[in-house]
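Q: Fold the following.
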Amino acid sequence: MGRMTERSERKIHLLLTMTFPQPLLDRIQAVSPDLKLHITQARDAAAIPEDLLNQAEVLYTIAALPEPDQVPNLRWVQIHYAGLDHFNGNPLLSADVVFTTMSGASAPQMAEFALMSMLALGHKAPETLRSKPAEQWADGRYTRFQPTELRGSTVGIVGYGSIGREIGRLCKQFGANLLATKLNLMQLQDPGYLPEGLGDPSADLPDRIYPPEALRTMVPLCDFLVICVPLTPKTQGMVNTEILKAMKSTAYLIDISRGGVVDHGALVEALRGGRLAGAALDVFPVEPLPESSPLWEMPNVMLSPHLAGASPHYLERAVGLFCQNLQRYLSDRPLLNVYDPQRGY
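A: Just a heads-up that it's a prediction; the model follows:
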């Protein structure tokens, strides 16, 4: 942990730039009497008092990142969400400061969202719901609404991290075949955070795991393709025309990753041309999705406003992970979910 080992017996100043319910603040404080909590609501570092920045050793933040010279004592930054792509280029990322993410804290709800999307698309829920205003049973319903059952289908997961592993666990419970891509096939064990009992820590569930370079080989086998990789220079536009053309025309795409991983121009063309059965999209290159987007009018597309990670339990899970990391920090053990600038997440 570098300079973390230089601590002596003294107060460790922890700066929180967001508020938590008092029971969660008490949980953080209970980690150690050596912690001194400072709380200031701030979306921008300019709103944080200078004296708090100057003494902060640990920073918990959503979006406020100060300049390196404003935080001479800062050693560790815990980000409230899983992604750091919106901080690209921030000078603090290049400073002698450890960054950790909330990867895994949103895995339960995002996996459920992906499963909901697969079941809804496979069972023709969008089309079924559109028949309701007619106030009569649809003609040829057994043909029109013939489902693609999850049992026996093949689900491809692009990005077998904390979210992908929980999706995989749920899909296996439904009797689906499972394929996945993973960046490092030499390290199958998940070193990150996941609530106990969830996911697939040792990557035992997939029938086969592919390197990202073999995505083109995997997708023709999939009835459902779930995108859950982080946005990095290597994943930008990775689901492109070539990948979409390789998919089955009966397959469905579910995107809960980040806007920019899926090439939306290529996706629109694939949907218009009948080369995909449908899609469920929670993230977009431009957010909010512009009113001019043809996706709004496509009957085989489910759209949601980047909410797959939302949950009434997120704060509790986030604080649970943060407290684990605080305990590790205080005992000079490796932190969970350390940001790797070489990987971009």
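Q: For Met116, grab phi and psi.
A: Torsion angles at Met116 (phi, psi; degrees, to the nearest 10) stand at phi -60, psi -40.
Q: what ranges do the helices span in the stretch 151-300 of the chain?
A: Remark: helices assigned in the stretch 151-300 of the chain by DSSP state H, counting those that start in this stretch are 162-173, 215-218, 241-246, 264-272.
Q: which other residues reach the third one?
A: Translated: helix 241-246. For helix 241-246, contacts defined as C-beta atoms under 8 Å, 6 or more residues apart in numbering pick out Leu215, Arg216, Val219, Pro220, Leu253, Asp263, Ala266, Leu267, Glu269, Ala270, Arg275, Leu276. Where you see a C-beta, it was placed from the backbone N, CA and C, and this is true even at glycine.
Q: Without its sequence neighbours, what residue ends up closest to the fourth one?
A: Right, the one you point to is Pro220. Leaving aside its chain neighbours, Pro220 sits nearest to Ala246 (5.2 Å; criterion: C-beta to C-beta, 6 or more residues apart in numbering).
Q: Got the confidence number for the one you found?
A: Ala246 carries a pLDDT value of 98.
Q: That one and Pro212, how far apart?
A: Using C-beta to C-beta, to the nearest Å, we find Ala246 at a distance of 15 Å from Pro212.
Q: Please apply the same query to Gly260.
A: 16 Å.
Q: Asp282 too?
A: According to C-beta to C-beta, Asp282 and Pro212 sit 21 Å apart.
Q: now Leu244
A: Separation of Leu244 from Pro212 (C-beta to C-beta): 16 Å.
Q: out of these two, which sits in the more crowded spot?
A: More crowded of Leu244 and Pro212, by other C-beta atoms under 10 Å: Leu244, with 22 against 17.
Q: For this structure, which segments count as strands?
A: Along the chain, counting by DSSP state E, strands occupy 12-16, 35-39, 58-61, 76-79, 98-100, 154-158, 177-181, 208-210, 224-227, 252-255, 278-281, 301-303.
Q: Out of the ones you listed, the one nearest Pro49 is which?
A: strand 35-39 (8.9 Å; C-beta to C-beta).
Q: Name the residues that touch the closest one?
A: 11-16, 19, 25, 28-29, 52, 56, 326.
Q: Recalculate using a threshold of 10 Å.
A: The contact list for strand 35-39 (C-beta atoms under 10 Å, 6 or more residues apart in numbering) reads 10-20, 25, 28-29, 48-49, 51-53, 55-60, 326, 330.
Q: Paired strands for it, with orientation please.
A: strand 12-16 (parallel) (DSSP bridges).
Q: neighbouring contacts of the partner strand?
A: Residues from elsewhere that reach strand 12-16 (C-beta under 10 Å, 6+ apart): 25, 28-29, 31-32, 34-42, 48-49, 52-61, 64, 66, 71, 73-78, 80, 322, 326, 329-330.
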